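In: What would the 3D arrangement of this be:
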Amino acid sequence: MAMIFQKIKNKIEPGVSLGAYRVKGFGQKKGEPALVYLIRNRHQKNVSQTEFQRAYTRLASANGFTRQWFEKNMKCAAAQPCNFTVIGESFVLLRIADYEQGKYTLRGTATTSILADPFP
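Out: Residues are numbered from 1 along each chain as shown. Reported below is the predicted structural model:
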């Protein structure tokens, strides 16, 4: 399992709010592990392990990601644009990112600490 997804799984519990969305739990998306969340407590959506890993790689290598990058580079963007917020707010909850004006930015020395410490 991808390291960042395991950190998310260890830290984020059902009922946690990620922006305007609420975590339902964990399940599968196209045969791989995924975080499952609810929109207005009705519509169920999900973010796959691969999607989290790709966004984390961008966060770590470019010190952040924007909605523009997300829409251009993430296959899920067209059908699930809210995944931008869910992914970014998951990183904020892990204390590896901050949000400001449409961009999630890497927080301090998060790239080295997140993989070493389960709860930085």
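In: Check the separation of the first and last residues in stretch 42-55.
Out: Terminal residues of stretch 42-55 are spaced 26 Å apart (Cα to Cα, to the nearest Å).
In: Tell me where the protein has helices.
Out: Counting by DSSP state H, the chain has helices at residues 3-11, 49-62, 67-73, 83-93, 110-116.
In: any chance of those helices in JSON lines, plus distance to Gly27?
Out: All C-beta atoms are positioned from the backbone trio N, CA, C, and that covers glycine. Formatted as JSON lines, the helices of the chain follow (distance: least, Cβ to Cβ, whole Å):
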{"stretch": "helix 3-11", "distance to Gly27": "11"}
{"stretch": "helix 49-62", "distance to Gly27": "11"}
{"stretch": "helix 67-73", "distance to Gly27": "22"}
{"stretch": "helix 83-93", "distance to Gly27": "14"}
{"stretch": "helix 110-116", "distance to Gly27": "23"}
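In: most packed of those?
Out: helix 83-93 (a mean of 23; mean count of other Cβ atoms under 10 Å).
In: Now the weakest link among the helices of the chain, please, by mean pLDDT.
Out: The minimum mean pLDDT among the helices of the chain belongs to helix 110-116 (a mean of 47).
In: mind listing what the residue nearest to the spatial centre of the chain touches?
Out: In the chain, the centroid-proximal residue (Cα atoms, centre = their mean) is Ile87; its distance is 2.1 Å. By Cβ atoms under 8 Å, 6 or more residues apart in numbering, the contact set of Ile87 is Val47, Glu51, Phe52, Ala55, Phe70, Tyr104.
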